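S.K.: I would like the atomic coordinates for the input below:
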Amino acid sequence: MIDIKFLRENPEAVKENIRKKFQDDKLPLVDEVIALDSEARKTQQEADTLRANRNKLSKQIGALMGQGKKEEAEAVKQQVADQAKQLEALSAKETELGEKITKIMMTIPNIIDPSVPIGKNDTENVEVKKYGEPAVPDFEIPYHTEIMERFNGIDLDSARKVAGNGFYYLMGDIARLHSAVISYARDFMIDRGFTYCVPPFMIRSSVVTGVMSFAEMDAMMYKIEGEDLYLIGTSEHSMIGKFIDTILPEQELPKTLTSYSPCFRKEKGAHGIEERGIYRIHQFEKQEMIVVCKPEESPMWFDKLWQNTVDLFRSMDIPVRTLECCSGDLADLKVKSFDVEAWSPRQKKYFEVGSCSNLGDAQARRLKIRVNGEDGKKYYAHTLNNTVAAPPRMLIAFLENNLQADGSIRIPEVLRPYMGGKTEIR
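M.R.: Here you go, the predicted model:
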C-alpha cells in the first residue's frame, strides 16, 4: 500500500505505474480515492472545529454556573448537546470514508522499482544470469514421480483417497531426502547469520491483508471455518506478521530470520502435464528467509537474499539461473522480484524453485511496522522475503540432476551428514 500523501501529490506518477503493470481498469481508482480523501479531510476539519468549540462551550457552562447564570448555562448546554449529535454524524462519516479509502488503497499497486523491465506477464521476464553448466545425460531421465516410485518413495493413490488430488505420501529414503534438504537449508541460513524460527502456521485476517493483495488471498489462502484464522501459504506471512503494530529501535535493524513451516495453498485452476506429481500441490514444506530493514538498505538485502538461494542450489551441484520478473508479473505489493529457476535435464529447460521479493514499505505500512530513528523520527521499515528451499520442487531438481545411469541417486557431499553418511540411494 502506497502512501496516501504520495498519491495525493503525485497522481500521474501513480497512474503511470498502474499502466506499467497493465492494470488500466484501476486507473479511475486514483481520482476516486483523491476525491474521497479530500472529503475525508474536510469532514475531519469540521469535526475538529466542533470538538474545539464544544470544549470551549463546556468551559463557559462552568463559568456561567459559577456566576449564578443558570438559564444562560442551560442554553449553552443545549448548544453542546446539538453539537454532540453533529459530531456523532461527522465521526460516523469519517469512519465510513476511511474504510472506503483503505479498501481502494489496498488495491492500487505499489510503485515498482525503476529497474524493473516492463512486460505484460511471465513470458516477458528477463534472464539475469546462469550459474553452473546445464547438462543433459546420455540416458533417459524419467518423470520425477517415476523416479520416486522406483524407490517406493511416493504414494499418490493413497493420498488421493485420504485427502484428494494435490497431496502425497513420501516414503523411505525419498522422505528422508526431503527432510535432509530442509535441515541442510536451515543450517545453511543459520551459518549466514540468520536467526532460526518456527512460526505459527495459522494467522488472523488482519495479518493476511497486511502481507498480501486481495487477489493473492483469494487464490491462495485456506480459511478456517468459524474462526478468524487462515492456514499460511508461506511462513513469510506469519514471520512478517510477527512485527505487526511495533516500533523497532533503529539500532536493532536489520531483523534477519529464517523459518521452517508447512505451507497450504488452494492452487486454483488447471495445470499442464509438467505440473502433475508434486510440482503444484496443496501442502508442502519450506525453509524461508525474511528481512526487516532500513529503507536505504533494502536493495542490498535483496541482492543478498536471492544470492543465498543460488549458493544453496550450487552447493548441491544443481545448475540455476536468476530471472527478473517484469512489471506485469509482479504482485501488487512488490517493488522488485527475482525468480530462481533450477535446470531440468529431463525437460531441457529451467523451472521455478524460489522467488525473492522486495516489498518496500507496503507490508510495513499495512501492518504498522515502524522504526524509531536515532533522531527520534519514526518511519516505516522495508520488508523482503525469499525462498531458501521448498523440497517438493527442490526434490524434482535434485532427483533429475543427481540421477545416475544405473538408476541410483547420488548424494552431494553437503547432504551426506543429513542422510546418515550415505553417498547414494539405491
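
S.K.: Which residues does stretch 292-301 contact?
M.R.: 240, 243, 248, 250, 253-255, 291, 358, 360-361, 364, 369, 371, 379-384 (Cβ atoms under 8 Å, 6 or more residues apart in numbering). Using the backbone N, CA and C atoms, a C-beta is placed for each residue, glycine as well.

S.K.: what's the distance between residue 40 and residue 91?
M.R.: 12 Å (Cβ to Cβ, to the nearest Å).

S.K.: filter the contacts of stretch 292-301 to the buried ones?
M.R.: 240, 243, 248, 253-255, 291, 358, 360-361, 364, 369, 371, 380-384 (16 or more other Cβ atoms under 10 Å).

S.K.: Strands - which of those residues land there?
M.R.: Residues of the buried ones among the contacts of stretch 292-301 located in strands (DSSP state E): 248, 255, 291, 358, 369, 371, 380, 382-384.

S.K.: now for those, which pair is the farthest apart?
M.R.: 248 and 358 (18.1 Å; Cβ to Cβ).

S.K.: count of residues packed around residue 34?
M.R.: 16 (other Cβ atoms under 10 Å).

S.K.: just residue 389 next, same as before
M.R.: 26.

S.K.: now swap in residue 167 and tell me
M.R.: 17.

S.K.: what about it, is that helix, strand or coil?
M.R.: For residue 167, the assignment made with DSSP: H, G, I helix; E, B strand; the rest coil gives coil.

S.K.: What are the boundaries of the strands in the stretch 1-150 of the chain?
M.R.: 126-131 (DSSP state E, counting those that start in this stretch).

S.K.: Could I get the full set of helices for it?
M.R.: 4-9, 11-20, 27-66, 70-105, 144-150 (DSSP state H, counting those that start in this stretch).

S.K.: Please work out which of those helices is packed deepest.
M.R.: helix 144-150 (a mean of 20; mean count of other Cβ atoms under 10 Å).

S.K.: which other helices and strands contact it?
M.R.: The elements that helix 144-150 packs onto, with contact taken as 3 or more Cβ pairs under 8 Å, 6 or more residues apart in numbering; DSSP states H and E, are helix 391-402.

S.K.: Can you give the distance from the helix or strand following the helix it packs on to the centre of its chain?
M.R.: Later in the chain than helix 391-402, the nearest helix or strand by DSSP states H and E is strand 409-410. Here strand 409-410 is found 34 Å from its chain centre; the criterion is Cα atoms, centre = their mean, to the nearest Å.

S.K.: Can you name the element that comes right after strand 409-410?
M.R.: strand 424-425.

S.K.: pLDDT of that following strand, averaged?
M.R.: Average pLDDT, strand 424-425: 95.

S.K.: can you give me how far it is from the chain middle?
M.R.: 36 Å.

S.K.: Quick one: residues in contact with that strand.
M.R.: Against strand 424-425 from outside (Cβ under 8 Å, 6+ apart): 151, 173-174, 177, 404, 408-411.

S.K.: If we use 6 Å, what do you get?
M.R.: 173, 408-411 (Cβ atoms under 6 Å, 6 or more residues apart in numbering).

S.K.: cool, stretch 304-322 as well?
M.R.: By Cβ under 6 Å, 6+ apart, stretch 304-322 touches 127-132, 134, 188, 338, 340-343, 350, 354, 356, 384, 386, 397, 401, 412, 414.

S.K.: So for that stretch, what gets flagged as buried?
M.R.: 304-310, 312-313, 316, 318-322.

S.K.: Stretch 251-264 too?
M.R.: 253-261, 263-264.

S.K.: can you pull the pLDDT of residue 393?
M.R.: 89.

S.K.: Since that was my last question, I'll sign off now.
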